[in-house]
Structures are given as C-alpha cells and as structure tokens.
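*Asks:* Return atomic coordinates for the entry below.
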Amino acid sequence: MSNAISCAAWRLYVIVDQAAAGGRDPAWIAAQAIRGGADVVQLRDKAGSTRDVVARAQAVLQVARDARVPLIINDRVDVAAAVGADGVHLGQDDLPVSAARRILGPDRLIGKSTHSLEQALDADREAVDYLAVGPLYPTPTKPDYPPVGVALIHQVKGRVRRPLVVIGGVEQATLADVLRAGASCVAVVRAVCAADDPEAAARELKRALTQFVPSPSCAGL
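*Replies:* Next up is the predicted model:
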C-alpha cells in the first residue's frame, strides 16, 4: 500500500498540542484519542526544547506503535528522524519538502499545510503524501492565519491528487458543514486535546465521520 493510499483511509487526525493539553501528559492524551478512534496522531510542541520534544515524542510513539497508529511530528524533521516517527508535518515556512524527503527517505509520511488554492496546487506538485487545508474557522492554534472557510475544500478537492486533511476550528458544532463541503478527513486539536474526556470526544467525532463517509476513498478526500 502506498503512502498516499494509506493517508486516504484516514478519517480522524488528532493533533496532541502541548500548549492545548492543559499540563496533561501528551502520551496519555494520545492513548485516549486512539481508543476513541483516531486514525493518526500528530505531536505538536512549539515551545519545548529539543530534548523535551524528543522525550515526549518517544513516549507518544510507544503508545502509537502499540496501537498500530501512525505518529506524525509537527515541523521537526530532526525529531521525527531521531525517534523513528512515521512522518512529519510541515508548514509553509518550515524545511522544504525536498530536504525533508532526503532526510526521511521515501517511506516516511510528509504532510504540508496550505492556506489557499494556489498553495495547495503548489504543494501537490511536491513529494508530499497528503495536504492540509485551513484553518477553516478562527482558532487559537493558528492566530496568524485568517480562516479560509469551507468553500476552499470544494475548490481544492477537485484540483489535487493528494489526500486532503482539513483543519482549523473543526468540532462537533462545525463538523456537518465541513463534511457537506466535501471533506472526509478532519484534523482536530482542542476538540480532543482540551476535552475533559479525550476518548469520548474522539469517539463522537469518529462516529460522525464514519456515518457520513462510510468507506475509504483512494481518489482523494
């Protein structure tokens, strides 16, 4: 199975953000999210030292490995390589995809954030395995980016080859509109990471996703 086809089967992408965790152990949050149905987990730690991020990544990786769920590291290609994570997620200002691919090799996953149709088309020509589109709604995790709105999902979906992950303010209250716009994989941060019961929050999101999009599509999301 190719990386792209594997990514196309994802429905719930949970980002374990150190800043949104409220002091809780990211490995515990990851375990709860996976029990609730997360198909993939990303560790995001913007402020930690390299030593601390590596330690957290190792702990989350063990949880993910036990559950046979991919672990993606946000931004830090060095950390992803050091701990043997399944891949890395890059922003527009991070290490170029070509350099990340040389470091990680052909079998690791690389995702890239995009905030417009033009960026999505550009990223689709790079050696990435999936594209993220957003933020769809205002969100404290992306204060520097204005929301792009759900209309961009439909615009991008028919123009790119790579699977899409939509992100930014997605929660139970907005999920129906996001799915109606054509998404089938959503990434969430606070909706699970900051929930009182991350497992229950993930389970409710996954139930809605699987009911709306019952079977994986290998032609995109």
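*Asks:* Alpha carbons of the least confident helix or strand in the chain by mean pLDDT, in CSV - could you do that?
*Replies:* Confidence across the helices and strands of the chain bottoms out at helix 3-8, with a mean of 80, counting by mean pLDDT, DSSP states H and E. Presented in CSV, the C-alpha positions along helix 3-8 are these (Å, rounded to 0.1, in the frame of the first residue of the first chain):
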residue,chain,number,x,y,z
ASN,A,3,1.7,6.2,1.5
ALA,A,4,-1.0,8.2,-0.4
ILE,A,5,-3.5,5.4,-0.3
SER,A,6,-2.8,4.9,3.4
CYS,A,7,-3.5,8.5,4.1
ALA,A,8,-6.6,8.4,2.0
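*Asks:* Tell me how many other residues crowd the nearest residue to residue 34 once chain neighbours are set aside.
*Replies:* Take residue 34 and drop its neighbours on the chain: the residue closest to it by Cβ to Cβ, 6 or more residues apart in numbering is residue 67, 4.7 Å away. From N, CA and C alone the C-beta is placed, and that goes for glycine too. In terms of burial, residue 67 registers 16 neighbours under the definition other Cβ atoms under 10 Å.
*Asks:* Please report how far residue 67 lies from residue 61.
*Replies:* Taking Cβ to Cβ, to the nearest Å as the measure, residue 67 falls 11 Å from residue 61.
*Asks:* Remind me what the helix or strand where residue 110 lies packs against, helices and strands.
*Replies:* Using DSSP states H and E, residue 110 sits in strand 109-114. For strand 109-114, the elements it packs on are helix 3-8, strand 87-90, helix 97-104, helix 117-124, strand 130-133, judged by 3 or more Cβ pairs under 8 Å, 6 or more residues apart in numbering; DSSP states H and E.
*Asks:* Fine by me, thanks again.
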